[in-house]
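Student: Pasted the sequence and its predicted model underneath.
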Amino acid sequence: MTSKLIIIRGNSGSGKTTLSKEIHYRLPRNTLLIPQDTVRREMLNVKDGDKTLALPLLENLLEYGYHHCSYTILEGILNAKWYADLFKKSKQLFGNQIYAYYFDIPFEETIRRHKTRHEYSFGEEKMRSWWNEKDYIGFIPEGVFTSQMNLADEVKIVLNDIQVEKRAISD
């Protein structure tokens, strides 16, 4: 079994979680979804930043996905500098089977998108403090999603890139 890694990154409110959940739903069973926020905030209750205590668990989850799953989806802001070791580990594990995407959209659009979420819980000031423009990984090529694209466009791109057929609704 050749395991594939899908990385979906971008600033807060860009659409990462929505896209990753949709991709997860459409992929076959045995697909692992690793949301950075779930691991960091809900499972571990640790802060983000350089040397975050979430890194070892994220690395372990990536290893699990590589060894046991057909697809692994890693989703989050995942600051390129802070998570460089995680991306290096992904490269070691998955090699050329990494499909990475970055939401490169304007700050104002992230605010607009964030306000449409059900759990709208933090405002513009907080989002601005997290903002990190054009935060590309560098050593892993990333496809770019822009504000002109919609969810259907993004899903189509990812599924075409990884060459997978949609899961049958009946399973």
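Tutor: Perfect, thanks for sending it. On a predicted model such as this, the values are computed, not experimentally measured, just so you know.

Student: Show residues contacting the longest helix anywhere in the chain.
Tutor: Ranked by residue count under DSSP state H, the longest helix found in the chain is helix 55-68. Helix 55-68 has contacts (CB atoms under 8 Å, 6 or more residues apart in numbering) with 3, 5, 30, 32, 34, 36, 39, 43-44, 71-72, 74, 83, 85-86, 89-90, 93-94. C-beta coordinates here come from the backbone N, C-alpha and C atoms, glycine included.

Student: Now do the next helix or strand after it against helix 55-68, angle only.
Tutor: Reading on from helix 55-68 to the C-terminus, the next helix or strand found by DSSP states H and E is strand 71-76. Orientation note: strand 71-76 sits at an angle of 160 degrees relative to helix 55-68 (axes from the mean of the first three to the mean of the last three CA atoms, to 10 degrees).

Student: what's the next secondary structure element after strand 71-76?
Tutor: Downstream of strand 71-76, the first helix or strand assigned by DSSP H and E is helix 84-94.

Student: Show me what that next one is packed against.
Tutor: Packing partners of helix 84-94 (3 or more CB pairs under 8 Å, 6 or more residues apart in numbering; DSSP states H and E): strand 4-10, helix 55-68.

Student: is it true that residue 69 touches residue 2?
Tutor: No - with contact defined as CB atoms under 8 Å, residue 69 does not reach residue 2; the gap is 11.1 Å.
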